[in-house]
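J.: I would like the atomic coordinates for the input below:
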Amino acid sequence: MLNAGGLYREAHPENFPTVNDYRNPIVAEAMRGMKYVNMFNRGIQRVKNMLRENGNPEPKFNVSKVTAFEVMVHPSMSLNLVTDGEKVTKSATKSTETMNEVLAFCTQERTLTEIMRHLGLKHRSNAKSRYVDPLIEGGFLEMTIPDKPNSRNQKYVRALS
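T.: Take a look at the predicted model:
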């Protein structure tokens, strides 16, 4: 996610997120007076707490950009789906169990073929798009050759957490 406008005045990458400053303190104070804001300098910690409660890994903040503030949020490994359909719940549970199995298996470097064999899967594209890619995007699994994702020598290993 990108938010237009980088850190401002007293806020710098070295003191982020403990120091904040506002481009327009009059508007900020008016928003607080109208109860649109209850406390200043609480947003980052609120985001971190909510993501943790949802099962997401820690977000990464890129405050080095001059014109934007970037937050990188990886998907949650726990699928908290609200549904009436038992089929969706079972499918989500099975998918999460399979992803956890991939992570347990990849404590050492593994090829996609080895992962597929371990899971009893036959279709490469399905195994990669359903299990491996979401784990990579979530920061749970890493490629051994990240600059060549389609290399025939590509292997996957559990990310250090």
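J.: where does the protein dip in pLDDT?
T.: For the chain, the stretches with pLDDT under 70 are 1-6, 21, 23, 38-42, 66, 74-95, 161.
J.: would you map the helices across it?
T.: 25-33, 43-54, 86-105, 112-119, 124-127, 133-137 (DSSP state H).
J.: which one, of those helices, ends up nearest to Phe16?
T.: Ranking those by proximity to Phe16 (C-beta to C-beta) places helix 43-54 first, at 8.3 Å. Quick note: C-beta positions are derived from backbone N, CA and C, even for glycine.
J.: buried residues, the biggest strand by length in the chain. List them.
T.: Longest strand in the chain by number of residues (criterion: DSSP state E): strand 68-72. By neighbour count on 16 or more other C-beta atoms under 10 Å, the buried set for strand 68-72 is Phe69.
J.: parallel or antiparallel, which strands does that strand pair with?
T.: Note on strand 68-72: by DSSP bridges, its sheet partners are strand 2-4 (antiparallel), strand 60-62 (antiparallel).
J.: and the angle from that strand to helix 43-54?
T.: 20 degrees (axes from the mean of the first three to the mean of the last three C-alpha atoms, to 10 degrees).
J.: one step back: between the helices of the chain, which gets nearest to Val19?
T.: Of all these, it is helix 43-54 that lies closest to Val19, at 11.3 Å by C-beta to C-beta.
J.: tally of neighbours for the closest residue to Val73 other than its chain neighbours?
T.: Spatial nearest neighbour of Val73, excluding adjacent residues (C-beta to C-beta, 6 or more residues apart in numbering): Pro59 at 4.9 Å. Neighbour count for Pro59, taken as other C-beta atoms under 10 Å: 16.
J.: Pro59 and Lys48 touch, don't they?
T.: Yes. Contact criterion C-beta atoms under 8 Å: Pro59 and Lys48 qualify, at 6.5 Å.
J.: before we move on, back to that, any idea how far the residue nearest to Val73 lies from Asn49?
T.: 11 Å (C-beta to C-beta, to the nearest Å).
J.: same thing with Asn24?
T.: Distance of Asn24 to Asn49, computed by C-beta to C-beta: 27 Å.
J.: grab the nearest non-local neighbour of Met31.
T.: Of all residues not flanking Met31 in the chain, Val37 sits nearest, at 4.6 Å (C-beta to C-beta, 6+ apart).
J.: tell me how many other residues surround the one you found.
T.: For Val37, the neighbour count with other C-beta under 10 Å is 14.
J.: much appreciated, bye for now.
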